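**Q** okay, here's the prediction I keep looking at, along with the sequence it came from:
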Amino acid sequence: MTDQLRRVTRALLSVSDKSGLIEFARALALHGVELVSTGGTAKAIAEAGLKVRDVSELTGFPEMMDGRVKTLHPKVHGGLLAIRNNDEHARAMKSHGIAPIDLLVVNLYPFEATVDKGADFEACIENIDIGGPAMIRAAAKNHDDVAVVVDVSDYQEVLDELKANQGATTLWLRRRLAATAYARCAAYDAAISNWFAGELNTEAPEFRAFGGRLIQSLRYGENPHQKAAFYRLPDKRPGVSTLRQLQGKELSYNNINDTDAAFECVAEFDPKRTAACVIVKHANPCGVAEGPGLATAYRRALACDSTSAYGGIIALNGTLDAETAKAVTEIFTEVIIAPDATDDAIAVVAKRRNLRLLLTGGLPDPRAIGLTAKTVSGGLLVQSRDNAVVDDMTLKVATKRAPTEAEMRDLMFAFRVAKHVKSNTIIYAKDLATVGIGAGQMSRVDSARIAARKAEDAARELKLAAPLTKGSVVASDAFFPFADGMLACIEAGATAVIQPGGSVRDNEVIEAADAHGIAMVFTGVRHFRH
């Protein structure tokens, strides 16, 4: 094992993120490591009173072209790539005056952060690192002899090894650091290529890559025999990847998936217009409602299907208050997610130690562009996010009777919810609350009947004379291919329908609606969700 130890005599440091830099450099110096650096990094180290050699002294060339060219030089790359026990490499180093570099510390120009700030095209281009990735890849390739650090979080592990091994690193650590380095470069290049595709409006670039940073290693995936982890993409969309967990058990794979579904759905409801609550179970809403306040919205959402809501995810579009927190904690709930919470609400939730309270600091924009991806056997399906919002659609009355103002309000509410329910989807709604949800059935007729049966169950539990589907409206995520699905909704008591339209049998469906005095509007937009 001793032949796998490599002593660090010289380190090249060039970082944009300077957190922890001085402490790390000082510790390296105490191990007798010569420090070589560039630009602002060298200046920071020198100002801390440490001896540092500028890379231009190493290369014999000054930094030039606004810093674009400074490390792209044989005396840098030779020092990184030379195989130490290779006689030919050793002769070349001696002949050309190339000194070995045993440790490379580089974190890349902040391209992702620059894009996230909304910088212009030229600024983004200038924040594409060239020398950094070249050095990282060189050092990582030669990890038998060279250690490469691309993340501040790895500083301490390197120092621990130097201390334990009299100033040397182990092969195991160098290999782990090399793997991290290549992954970082891959994620960096993926961010750049996807940004370019967006700037050029290229819908299907010849190559597509995604890269993310680990947020959390998960206990398991959908099932205990599956491995899983959660990664953050460059897209800073408020939600599960940006949240702050105040309390509760660690989130599981299913928690994260369900919570994302709930929060994306509740974001459809502008908090400036209304308070809204979404309750999700197994990635499908089982109750959604608007209300004058969050507590009212929650209670109305719960009334849709209180049985399914047990152990569910609660998403709110506003600041969690104490009244709402008390209502939510009356039954077993896995997760509450909201943009914020009052101190009083936090205190209420704290009494349920296992209840996860997640705060995001904001809501995702339902109209924002973006990409979604899923794997299939041997491939990757990529599409633009479904950012169609019913408020922006031109609704066309297809029947003799137009919806009343109240019906139209509920129709738009129902279609807003349908976007976030697995297809085939049928949503019954009344007074800005779901009263029956049919999700994920192979037949749209079955979805209509299941939703109606759910409403009947809720009516019995609430001791109502009739299910709330009587006098409700109904939304379908896609067109009715035959009149039978709509007729099942009418039988359940729906008086108005919203659907995309576009079936070859639209006339048959319209005639059936007219025959029953039903109002129907077409959106022209489908919301399949698989």
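**A** The structure has been received and is ready for your questions.

**Q** how many neighbours does Glu330 have?
**A** 9 (other C-beta atoms under 10 Å). Placement of C-beta: from N, CA and C, glycine included.

**Q** before we move on, what about His31?
**A** 16.

**Q** tell me the pLDDT of the residue lying closest to it once chain neighbours are set aside.
**A** With C-beta to C-beta, 6 or more residues apart in numbering as the criterion, His31 has its nearest non-adjacent residue at 4.6 Å, and that residue is Gly167. With respect to pLDDT, Gly167 scores 92.

**Q** give me the neighbour count for Gly167.
**A** 19.

**Q** residues contacting it?
**A** Counting by C-beta atoms under 8 Å, 6 or more residues apart in numbering, Gly167 makes contact with Arg7, Val8, His31, Gly32, Val33.

**Q** what distance do you get for it to Ile83?
**A** 21 Å (C-beta to C-beta, to the nearest Å).

**Q** phi and psi next, for Gly211.
**A** Per-residue torsions, Gly211: phi -140, psi 140 (degrees, to the nearest 10).

**Q** how close does it get to Gly132?
**A** Relative to Gly132, and taking C-beta to C-beta, Gly211 is found at 16 Å.

**Q** now swap in Ile498 and tell me
**A** For Ile498, the distance to Gly132 (C-beta to C-beta) stands at 53 Å.

**Q** higher neighbour count, those two?
**A** Ile498 (29 against 23).

**Q** hang on, the more buried one in a strand?
**A** Yes - counting by DSSP: H, G, I helix; E, B strand; the rest coil, one finds Ile498 located in a strand.

**Q** so what's it up against?
**A** Here Ile498 is in contact with Leu395, Leu411, Met412, Ala414, Phe415, Val473, Val474, Ala475, Ser476, Met520, Val521, Thr523 (C-beta under 8 Å, 6+ apart).

**Q** so which strand or helix has the closest residue to it other than its chain neighbours?
**A** Closest residue in space to Ile498, ignoring its immediate chain neighbours: Leu411 at 4.1 Å, by C-beta to C-beta, 6+ apart. Secondary structure from DSSP states H and E places Leu411 in helix 405-418.

**Q** go on, Ile279?
**A** Assigned by DSSP H and E, Ile279 falls in strand 275-281.

**Q** ok, back up a step: check which element follows the helix holding Leu411 along the chain.
**A** Past helix 405-418, the next helix or strand by DSSP H and E is strand 426-429.

**Q** same for that next one, what does it pack against?
**A** helix 405-418, strand 434-438, helix 444-462, strand 473-476, helix 483-492 (3 or more C-beta pairs under 8 Å, 6 or more residues apart in numbering; DSSP states H and E).

**Q** again, only this time at 7 Å
**A** If you count contacts as 3 or more C-beta pairs under 7 Å, 6 or more residues apart in numbering; DSSP states H and E, strand 426-429 packs onto helix 405-418, strand 434-438, helix 444-462, strand 473-476.

**Q** so which bits of the longest one are buried?
**A** Buried residues in helix 444-462, defined by neighbour count with 16 or more other C-beta atoms under 10 Å: 444-452, 454-459.

**Q** before we move on, back to that, any chance of the contacts of Ile498 in TSV, plus neighbour count and distance to Glu157?
**A** TSV is the format used below for these (neighbours: other C-beta atoms under 10 Å; distance: C-beta to C-beta, whole Å):
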residue	neighbour count	distance to Glu157
Leu395	17	59
Leu411	26	58
Met412	22	55
Ala414	31	54
Phe415	30	52
Val473	32	60
Val474	35	58
Ala475	30	54
Ser476	29	56
Met520	28	64
Val521	24	61
Thr523	24	55
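
**Q** want to throw those residues into TSV with distance to Val106 and pLDDT?
**A** Converted to TSV, those look like this (distance: C-beta to C-beta, whole Å; pLDDT from 0 to 100):
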residue	distance to Val106	pLDDT
Leu395	55	97
Leu411	56	98
Met412	52	98
Ala414	53	98
Phe415	50	98
Val473	59	97
Val474	58	98
Ala475	53	98
Ser476	54	97
Met520	62	97
Val521	58	98
Thr523	51	98
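
**Q** can you name the two of those that sit furthest apart?
**A** Largest separation among the contacts of Ile498 by C-beta to C-beta: Leu395 and Val474, giving 14.8 Å.

**Q** how many neighbours does Arg273 have?
**A** Arg273 - counted by other C-beta under 10 Å - has 10 other residues nearby.

**Q** mind checking the SS state of it?
**A** coil.

**Q** how much space separates it from Phe413?
**A** 11 Å.

**Q** remind me which residues of the chain are low pLDDT?
**A** 1-3, 61, 64, 67, 69-70, 72 (pLDDT under 70).

**Q** what residues of whichever helix in the chain runs longest count as buried?
**A** The single longest helix within the chain, with elements called by DSSP state H, is helix 171-199. Under the neighbour-count criterion of 16+ other C-beta under 10 Å, helix 171-199 has 171, 173-174, 177-178, 180-185, 187-188, 190-195, 197 buried.

**Q** same check, this time on stretch 146-165
**A** Counting neighbours by 16+ other C-beta under 10 Å, the buried set in stretch 146-165 is 146-150, 152, 154-155, 158-159, 161-162, 165.

**Q** between the two ends of it, how far is it?
**A** 15 Å (C-alpha to C-alpha, to the nearest Å).

**Q** next one: that stretch to chain centre, how far?
**A** 30 Å (C-alpha atoms, centre = their mean, to the nearest Å).

**Q** for Glu264, give me its contacts.
**A** Gly239, Pro364, His420 (C-beta atoms under 7 Å, 6 or more residues apart in numbering).

**Q** check Val389 too.
**A** Counting by C-beta under 7 Å, 6+ apart, Val389 makes contact with Pro366, Arg367.

**Q** check Ala46 too.
**A** Contacts of Ala46 by C-beta under 7 Å, 6+ apart are Val52.

**Q** now do the strands in the stretch 151-300 of the chain.
**A** Secondary structure of the stretch 151-300 of the chain (DSSP state E, counting those that start in this stretch): strands at 168-169, 213-218, 228-232, 244-247, 275-281, 284-291.

**Q** of the ones you listed, which is nearest Phe207?
**A** That would be strand 228-232 among the strands of the stretch 151-300 of the chain, by C-beta to C-beta, at 19.7 Å.

**Q** which of the contacts of Gly167 tops the neighbour count?
**A** That'd be Val8 among these, by other C-beta under 10 Å, with 23 neighbours.

**Q** and the helices in the stretch 301-450 of the chain?
**A** Here the stretch 301-450 of the chain has its helices, by DSSP state H, counting those that start in this stretch, at 306-309, 322-328, 343-350, 405-418, 444-462.

**Q** mind listing what's buried along the first one?
**A** Okay, so that is helix 306-309. Neighbour-count burial for helix 306-309 [16+ other C-beta under 10 Å]: Ser306, Ser308, Ala309.

**Q** same for it, what does it pack against?
**A** Against helix 306-309 (3+ C-beta pairs under 7 Å, 6+ apart) you get strand 275-281, strand 284-291.

**Q** winner for burial among those strands?
**A** Highest mean neighbour count of the helices and strands packed on helix 306-309: strand 275-281, a mean of 27 (counted as mean count of other C-beta atoms under 10 Å).

**Q** listing partners with orientation, what would you give for that one?
**A** strand 284-291 (antiparallel), strand 312-316 (antiparallel) (DSSP bridges).

**Q** still on that earlier bit, quick one: which of the helices and strands packed on helix 306-309 is nearest Ala327?
**A** Nearest of those (C-beta to C-beta): strand 275-281, 9.8 Å.

**Q** got the angle for the closest one vs strand 434-438?
**A** 30 degrees (axes from the mean of the first three to the mean of the last three C-alpha atoms, to 10 degrees).

**Q** using CSV, list the CA coordinates for strand 275-281.
**A** Extracted C-alpha coordinates of strand 275-281, given in CSV (Å, rounded to 0.1, in the frame of the first residue of the first chain):
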residue,chain,number,x,y,z
ALA,A,275,-55.7,31.0,-0.9
ALA,A,276,-55.4,27.4,-2.1
CYS,A,277,-54.6,23.9,-0.7
VAL,A,278,-53.7,20.7,-2.5
ILE,A,279,-53.7,17.3,-0.9
VAL,A,280,-51.7,14.6,-2.7
LYS,A,281,-51.5,10.9,-2.3
